[in-house]
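Here is a sequence together with a model predicted from it:
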Amino acid sequence: VTPAVGHAGWTAGKAAWFAQSSNPPFGIMAAGLSVLCCSRSLTRVLRVSKYKSLSATIRVVKEPRQWYSVGNLTVQERIERKSQRAMLGGGQQRIDAQHKRGKLTARERIQLLLDPDTFVEYDKFVEHRCSDFGMGTEDNKFPGDSVVTGQGQINGRLVYVFSQDFTVFGGSLSGAHAQKICKIMDQALLVGAPVIGLNDSGGARIQEGVESLAGYADIFLRNVLNSGVIPQISLVMGPCAGGAVYSPALTDFTFMVKGTSYLFITGPDVVKSVTNEDVTQEDLGGAKTHTAVSGVAHRAFENDIDALLNLREFFNYIPLNNKDPAPIRECQDPCDRLVPGLDTLVPLESTKAYDMLDVVHAIVDEREFFELMPNYAKNIVIGFARMNGCTVGIVGNQPKVASGCLDINSSVKGARFVRFCDAFNIPIITFVDVPGFLPGTNQEYGGIIRHGAKLLYAFAEATVPKITVITRKAYGGAYDVMSSKHLRGDLNYAWPTAEVAVMGSKGAVQIIFKGKVNKEKAEAHYEETFANPFPVAVRGFVDDIIQPATTRMRICRDLEMLANKKQTNPWKKHGNIPL
């Protein structure tokens, strides 16, 4: 550095430079300093025009070319330091504590979920804006705040992801945190790609007050607007309490991790103070509670790694958006494969149970079935599979549980799944063995009429390809509800063991004859008349009576035929499903 004036003059000029330039090098121009730069020259001339008594020529002999600042660190060095700090989240000590709990960090989760070297991070340098309660100090500001956001790929397909960082303020949601999540949700909607949220948060950041609550509302709004347009998936990998729970509740699928994830509106301490109930976090909002009792979560996994690997597998079944066709995978399982075992699967005695999952596994590609909500409302089976490489949604009554009767929980479980499949162009295959709706005061008082209507509504409004197979019983109103021909089923089949009637023979005889005739003889006559597939076949309510062994071949052929199906509902702002 060769000053053109004395040392005192150069020092005064440098002080003026620092005073005027709060953010070098961009602040240089703001201070009225003219800069002459030549990209190939080693000489850069800086003239202080605002202070006519000062003039300095700075010679920089350094390669390669880089950013320069008047501070001790160059801008590039500051970027690198900020990046390194962002990568550490809340610091190594908190990362170690996270690992001791058996949990991965936010960034480790993203690395495991996405394909290698595909993650593109957004807003790495964003910091919270709160200055109250000591939050404005440098020690309380972390680059990226308490969430990592961006986009990447899973098996070569685009996905947007956010991962809450529990090592930074317990993953609590600030205004900046919400802003980052909203940004990727908006962009995902713009380009038509799914959003996956990895939740691990203590809730709202109390220091920010209403701004944190506003952030939640901004996220909820986007959950609602994106619903039915792009798939939204939540994986709860830690605490998720208070208002935060409504975002996973609004997404299409919610998964949890056993032992480390919790979902509840109010924690055990609040429950104790209000209702005087003693309950643990696990019993109140753990994975077992929400997958088996409440039905809030669709599945639970053993640990973070198991959950993320299963999520990668699950992602392969769903389309990117509502205009994207269902994913197709190369299939090595012949579409014309016969399944002889199905011919003898259904017991001859109509009261004897069998496992509907045996039917599903035998028919789908390579026996692969991703079942959803397996521990909740077990009397109905739902999940994704493939037929000749194409994704399909499977719905089936489960005779092993409550004889396959529909009840409140199974109706809601099935309806939500059917509506997702319809929203995202996924054909629906329904296996029917239902003796009716479950009777009893608990069901009636709980609103079985309203809840059962949800499943009926979902099947009726669906315009995707719908194929139904009646394996045995189809009694009463439940026959109508389970994707019958009357609800615009495209192809409806009956196995030789199918029975379609208003009710079972014993109940029918008691009503028809009122004990005036020999009951056994009357029941035999009723069964001969109705306990077979002919009454519906002769009326065209099923398209064919097929041998069970040919079911896979028939379904694959029908799906190919229905691939270009176009059906629309009457224009409406929206329907009024009986919620």
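Looks like it came in fine.

is it true that residue 195 touches residue 188?
Yes - using CB atoms under 8 Å, residue 195 makes contact with residue 188 at a distance of 4.8 Å. Where C-beta positions appear, they are placed from N, C-alpha and C, glycine not excepted.

Next, show the common contact partners of those two.
The contact sets of residue 195 and residue 188 overlap at 160, 226, 230 (CB atoms under 8 Å, 6 or more residues apart in numbering).

ok, how many other residues are close to the second one?
Meaning residue 226. Neighbour count of residue 226, defined by other CB atoms under 10 Å: 21.

Adjust the sequence numbering to begin at 14 for everything that follows.
Renumbered: residue one is now 14, and that last one reads residue 239.

where does it land on pLDDT?
Looking at residue 239, its pLDDT is 97.

nearest spatial neighbour of it, skipping sequence neighbours?
The shortest distance from residue 239 to any non-neighbouring residue, by CB to CB, 6 or more residues apart in numbering, is to residue 202 (5.3 Å).

So the one you found lies in a helix, does it not?
Yes - counting by DSSP: H, G, I helix; E, B strand; the rest coil, residue 202 is part of a helix.

quick one: it and residue 237 touch, right?
No - between residue 202 and residue 237 there is no contact under CB under 8 Å: 11.6 Å.

and the longest strand anywhere in the chain, C-alpha only, in CSV?
For the chain, the strand with the greatest residue count under DSSP state E is strand 479-488. Backbone C-alpha positions of strand 479-488 (Å, rounded to 0.1, in the frame of the first residue of the first chain) are rendered in CSV as follows:
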residue,chain,number,x,y,z
LYS,A,479,-62.1,-48.5,-10.3
ILE,A,480,-62.1,-52.3,-10.4
THR,A,481,-64.0,-54.3,-7.8
VAL,A,482,-63.8,-58.0,-6.9
ILE,A,483,-66.4,-59.5,-4.6
THR,A,484,-64.6,-62.4,-2.9
ARG,A,485,-67.5,-63.6,-0.6
LYS,A,486,-70.1,-61.6,1.3
ALA,A,487,-71.5,-58.3,0.1
TYR,A,488,-74.5,-57.6,2.3
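
Toward the C-terminus, what is the element adjacent to that strand?
Using DSSP states H and E, the next helix or strand after strand 479-488 towards the C-terminus is helix 489-494.

Show me which parts of that following helix are buried, residue by residue.
In terms of neighbour count (16 or more other CB atoms under 10 Å), helix 489-494 has its buried residues at 489, 491, 492, 494.

quick one: which of those is nearest residue 378?
Checking the buried residues of helix 489-494 against residue 378 by CB to CB gives residue 494 as the nearest, at 27.7 Å.

Please enumerate the strands of the stretch 14-163 of the chain.
Along the stretch 14-163 of the chain, the segments classed as strands by DSSP state E, counting those that start in this stretch run 15-16, 47-49, 56-60, 69-72, 133-135, 160-167.

do the same with the stretch 214-363 of the chain
Remark: strands assigned in the stretch 214-363 of the chain by DSSP E, counting those that start in this stretch are 245-249, 252-254, 266-270, 275-277, 312-314.

Residue 87: neighbour count?
Residue 87: 15 neighbours (other CB under 10 Å).

same question but for residue 236, I mixed them up
Neighbour count for residue 236, taken as other CB under 10 Å: 21.

and it, how far is that from residue 458?
32 Å (CB to CB, to the nearest Å).

Buried ones in stretch 391-409, by neighbour count?
Of the residues in stretch 391-409, 391-401, 403-409 count as buried by neighbour count, 16+ other CB under 10 Å.

can you give me the end-to-end distance of that stretch?
Distances were taken as CA to CA, to the nearest Å; on that basis the terminal residues of stretch 391-409 are 10 Å apart.

Show me where the stretch 14-163 of the chain dips below the pLDDT cut-off.
14-84 (pLDDT under 70).

The same query, at a cut-off of 90, please.
Residues of the stretch 14-163 of the chain that meet the criterion pLDDT under 90 lie in 14-104, 138-157, 159.

ok, now the stretch 214-363 of the chain?
Looking at the stretch 214-363 of the chain by pLDDT under 90, you get 215-222, 225, 254-256, 279-280, 338-341, 361-363.

Count the residues that sit near the residue lying closest to residue 101 once chain neighbours are set aside.
Nearest residue to residue 101 in three dimensions, chain neighbours excluded: residue 108, at 7.1 Å (CB to CB, 6+ apart). Other residues near residue 108 come to 20 when the count uses other CB under 10 Å.

For residue 316, see how far away residue 108 is.
According to CB to CB, residue 108 and residue 316 sit 17 Å apart.

so what's the closest residue to residue 269 other than its chain neighbours up against?
Closest residue in space to residue 269, ignoring its immediate chain neighbours: residue 300 at 4.1 Å, by CB to CB, 6+ apart. Neighbour list for residue 300: 269, 270, 271, 272, 274, 310, 313 [criterion: CB under 8 Å, 6+ apart].

Find the pair from the residues you listed with maximum spatial separation.
Spatial extent of these (CB to CB) is set by the pair 272 and 310 at 13.8 Å.

More neighbours: which of the two?
Applying other CB under 10 Å to residue 272 and residue 310 shows that residue 310 carries more neighbours, namely 29 against 16.

so who does residue 240 touch?
263, 265.

do residue 338 as well
For residue 338, the contacting residues are 332, 438, by CB under 8 Å, 6+ apart.

Repeat that for residue 304.
Applying CB under 8 Å, 6+ apart to residue 304 gives the contacts 269, 310, 311, 312, 313, 386, 388, 389.

what ranges do the helices span in the stretch 14-163 of the chain?
Using DSSP state H, counting those that start in this stretch, the helices of the stretch 14-163 of the chain run over residues 20-33, 39-43, 88-101, 105-113, 119-126.
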